[in-house]
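[1] any chance you could fold what I've pasted below:
(one chain, ligands or ions: 1)
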Amino acid sequence: MIDPQGTRVCKFGGTSLADAARLRVVKAIVEADPTRRFVVVSAPGKRHADDIKVTDMLYACEEHLRRGEDVLDPFAVVRRRFEEMIRDLELDLDLASDFEEILREMQGGAGPDYVASCGEYLNARIVAALLGREFVDTAGLICFDAAGRFQAEETQRRMAARLRDLPGAVLPGFYGSRPDGTVQTFSRGGSDISGAIVARAVGAAVYENWTDVSGLLMADPRVVENPLPIKVVTYQELRELAYMGAGVLHDEAIFPVRQAGIPVHIRNTQRPDDAGTIIVRGVPAAADLDRHPLAITGIAGRKDFTVIALAKALMNQQIGYGAALLNILVRHGVSWEHIPSSIDTISVVVRSQELKGKLDAIQEEIRKECQPDELDIFPDIALIATVGRNMMHTPGMAARLFTALAEAGINVRTIDQGSSELNIIVGVEASDFEVAVRAIYEAFVPMQGTVPEPPPPLLPIPPSRHAPRPGSDLTP
Ligand code: ASP
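    Numbers count the residues shown, from 1 in each chain. Below you'll find the model as predicted:
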């Protein structure tokens, strides 16, 4: 058995693998470090802005088949793209029989998951030949049950056993198989999950996720000019930021590595010397590169919320008032985000799309069952999460945030700080969103070049309050 000490698993995204020139860059990156033993690949992505990702081309082939049309021409385009890469890389690799089999299976009705998975399969064959490493198929190793739910523990058992004695390998991302052997994919972008699964299986020291950006930024660059990169982020902070709209990683991808405590390093294939972002379970104070008493980790937000606001005199004396209100939402299958309240008022913040086609009925039931003195609906609310492990037990964070918003002339509609103190979420009018994000950013992010003050001690981070997705055992 090979000592996993120091082993890195590298996952490369589609843009990093779009053509022969980029594949050569990938080869140089992998070969620059002997600990980069296992490589997980996406299908080739876009070579330029107007290009089409191979996965999208494959889904288009499937669409042709569904409409009863011939698939020869669209599949020939996919085939040419791979053959071009093999030719440009001067590889001694002949995939002719694979292309023919794929075409036969496609025409025989293998289905969208099989068809989509071929982009990763063929690309992994090419990268394996380029690196001179064994190709290991993930069908039969990444397991789903008959209903299509990912099976984490069976996958871990099989993958660990298969990779244990290999010096290195190249694996396709995005797919696995069901018990009957049929191929099943994750949701779009799912190669990130495959990379995390491989990292956990080999007990990697680091899961390197190579993409086309230099990690996470502290705010959306469309809103804040040149936001600073985030050097270190905890899994929990990332969940909070991703949940509110920020993200370079597939949402579920962190679970397998989080479980095993493996850090994820997001890096830029085009700029391999950039520091990137490291995602870790906890940050020992001494190692916390981003530490600054006023520093936050990041700001994320979204505009698409509605507030349902009720007022009723002596509400605080009516036991079960809030439960009755929430029950109405439960009956309509609506999940809520926050419940800001006062003595005689209660508001529920809900994603607007959850209320589509249901709002009238919900209002009617609220009037009947809760009998509020006032019932108001405020659409077009934006929520902004200011996230940071350094906010915990640090006086003055909220004051700084609300002063900044007040000075920018922003009216704060709702406020929520979880007891974890990992974030402060404010609700503002959607039209104030950009100004509010910029105001918060400027209030917290130290001007470049300022000398940071000494850090206060870091306290342990409590568990996240966001539940994992239903139907999956990709749990933390
Ligand atoms: N190729 C798949 C997609 O485009 C999976 C991935 O790249 O992660 O979604």
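[2] tell me which residues touch residue 395, please.
    If a contact means CB atoms under 8 Å, 6 or more residues apart in numbering, then residue 395 has no contacts. Bear in mind the C-beta positions are built from the backbone N, C-alpha and C, glycine included.
[3] give me the three-state assignment for it.
    coil (DSSP: H, G, I helix; E, B strand; the rest coil).
[4] one more: the one 10 residues further on?
    Three-state assignment for residue 405 (three-state DSSP): helix.
[5] helices of the chain, start to end?
    20-31, 54-66, 72-88, 96-107, 112-131, 152-163, 191-201, 235-243, 254-260, 321-331, 359-370, 397-407, 433-444 (DSSP state H).
[6] tell me the angle the last one makes with helix 397-407.
    By that I understand helix 433-444. Between helix 433-444 and helix 397-407, the angle comes out at 130 degrees (axes from the mean of the first three to the mean of the last three CA atoms, to 10 degrees).
[7] can you give me the buried ones in helix 433-444?
    By 16 or more other CB atoms under 10 Å, the buried positions in helix 433-444 come out as 433, 434, 436, 437, 438, 439, 440, 441, 443, 444.
[8] show the pLDDT at the third one.
    Read it as residue 436. pLDDT recorded at residue 436 is 97.
[9] please apply the same query to residue 224.
    Taking residue 224 on its own, its pLDDT is 93.
[10] one more: the one 5 residues further on?
    The score at residue 229 is 88. That number is its pLDDT.
[11] swap in residue 19?
    So residue 19 comes in at 96 (pLDDT).
[12] that one: neighbouring residues, count only.
    As a burial measure, residue 19 scores 17 neighbours (other CB atoms under 10 Å).
[13] again with residue 106
    The number of residues packed near residue 106 is 20, by other CB under 10 Å.
[14] any idea how far it is from residue 99?
    Separation of residue 106 from residue 99 (CB to CB, to the nearest Å): 10 Å.
[15] overlap of the contact sets of these two?
    residue 75.
[16] sorry, back to before: hey, which of the helices of the chain is tucked in deepest?
    Across these, averaging neighbours per residue (mean count of other CB atoms under 10 Å) puts helix 191-201 on top, at a mean of 29.
[17] go ahead and confirm residue 441 touches residue 221.
    No. Counting by CB atoms under 8 Å, residue 441 does not reach residue 221; the two are 11.1 Å apart.
[18] so which elements touch the one helix or strand in the chain whose mean pLDDT sits lowest?
    The weakest-scoring helix or strand in the chain, judged by mean pLDDT, DSSP states H and E, is helix 235-243 (a mean of 83). Counting contacts by 3 or more CB pairs under 8 Å, 6 or more residues apart in numbering; DSSP states H and E, helix 235-243 packs against helix 254-260, strand 277-280, strand 298-311, strand 374-387.
[19] count of residues packed around residue 135?
    A total of 16 residues lie near residue 135 under the criterion other CB under 10 Å.
[20] and the residue lying closest to it once chain neighbours are set aside, how far from the ligand?
    Spatially, and ignoring its direct neighbours in sequence, residue 135 is nearest to residue 128 (3.8 Å; CB to CB, 6 or more residues apart in numbering). Applying CB to the nearest ligand atom, to the nearest Å, the value for residue 128 to the ligand is 17 Å.
[21] please apply the same query to residue 364.
    Following CB to the nearest ligand atom, the distance that separates residue 364 from the ligand is 42 Å.
[22] residue 142 too?
    13 Å.
[23] circling back to that earlier point, export the least confident helix or strand of the chain to CSV, keeping only CA atoms.
    C-alpha atoms of helix 235-243 as CSV (Å, rounded to 0.1, in the frame of the first residue of the first chain):
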residue,chain,number,x,y,z
TYR,A,235,-16.7,24.8,5.5
GLN,A,236,-19.4,26.5,7.5
GLU,A,237,-18.6,29.9,6.3
LEU,A,238,-18.6,28.6,2.7
ARG,A,239,-22.0,27.0,3.2
GLU,A,240,-23.4,30.3,4.5
LEU,A,241,-21.8,32.2,1.5
ALA,A,242,-22.8,29.7,-1.1
TYR,A,243,-26.3,29.5,0.3
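[24] so how far is that helix off the chain centroid?
    9 Å (CA atoms, centre = their mean, to the nearest Å).
[25] and it with strand 374-387, angle?
    130 degrees.
[26] so residue 205 makes contact with residue 37?
    No. Judged on CB under 8 Å, residue 205 makes no contact with residue 37 at a distance of 10.8 Å.
[27] residue 276 is in contact with residue 265, correct?
    Yes. Using CB under 8 Å, residue 265 is in contact with residue 276, at 5.7 Å.
[28] compare the two (neighbour count), which wins?
    residue 276 (23 against 19).
[29] how about the residues of this protein by the ligand?
    14, 42, 43, 53, 55, 119, 173, 174, 188, 189, 190, 191 (CB under 6 Å from any ligand atom).
[30] close enough to count as contact, the fourth one and residue 14?
    Yes. Residue 53 lies in contact with residue 14 (CB under 8 Å); the separation is 5.8 Å.
[31] who touches both of these two?
    What both residue 53 and residue 14 touch, as defined by CB under 8 Å, 6+ apart, is the set 43, 44, 45, 46.
[32] highest neighbour count among those?
    Greatest neighbour count in these, by other CB under 10 Å, goes to residue 43: 30 neighbours.
[33] tell me the contacts of the nearest residue to it once chain neighbours are set aside?
    Among residues not flanking residue 43 along the chain, residue 119 sits closest, at 2.7 Å (CB to CB, 6+ apart). Shown in contact with residue 119 (CB under 8 Å, 6+ apart): 42, 43, 44, 53, 54, 55, 57, 58, 78, 174.
[34] buried stuff in stretch 296-312?
    Applying 16+ other CB under 10 Å to stretch 296-312 flags 296-310, 312 as buried.
[35] picking up where we left off before, neighbour-wise, which of residue 53 and residue 14 wins?
    Per other CB under 10 Å, whichever of residue 53 and residue 14 has more neighbours is residue 14, with 24 against 19.
[36] give the contact list for the more buried one.
    By CB under 8 Å, 6+ apart, residue 14 lies in contact with 42, 43, 44, 45, 46, 53, 54, 55.
[37] coming back round to it: my read: the residue nearest to residue 135 touches residue 172, true?
    No. Using CB under 8 Å, residue 128 is not in contact with residue 172; the gap is 9.5 Å.
[38] give me the low-pLDDT residue ranges for the protein?
    1-5, 247-248, 250-251, 283-294, 419, 446-476 (pLDDT under 70).
[39] let's go with 50 and repeat that
    Within the chain, the stretches with pLDDT under 50 are 1-3, 286, 448-449, 451-476.
[40] check contacts around whichever residue of the stretch 251-400 of the chain sits closest to the ligand.
    Closest approach between the stretch 251-400 of the chain and the ligand, counting by CB to the nearest ligand atom: residue 253, at 9.2 Å. Applying CB under 8 Å, 6+ apart to residue 253 gives the contacts 192, 193, 195, 196, 209, 264.
[41] give the closest residue to it in space, chain neighbours not counted.
    Here the residue nearest residue 253, using CB to CB, 6+ apart, is residue 192, at 3.6 Å.
[42] how near is the residue of the stretch 251-400 of the chain closest to the ligand to residue 210?
    Computed as CB to CB, the residue 253 to residue 210 distance reads 13 Å.
[43] again with residue 138
    18 Å.
[44] returning to what we had before: what would the helices and strands packed on helix 235-243 look like in TSV with distance to residue 412?
    Formatted as TSV, those follow (distance: least, CB to CB, whole Å):
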stretch	distance to residue 412
helix 254-260	31
strand 277-280	29
strand 298-311	12
strand 374-387	10
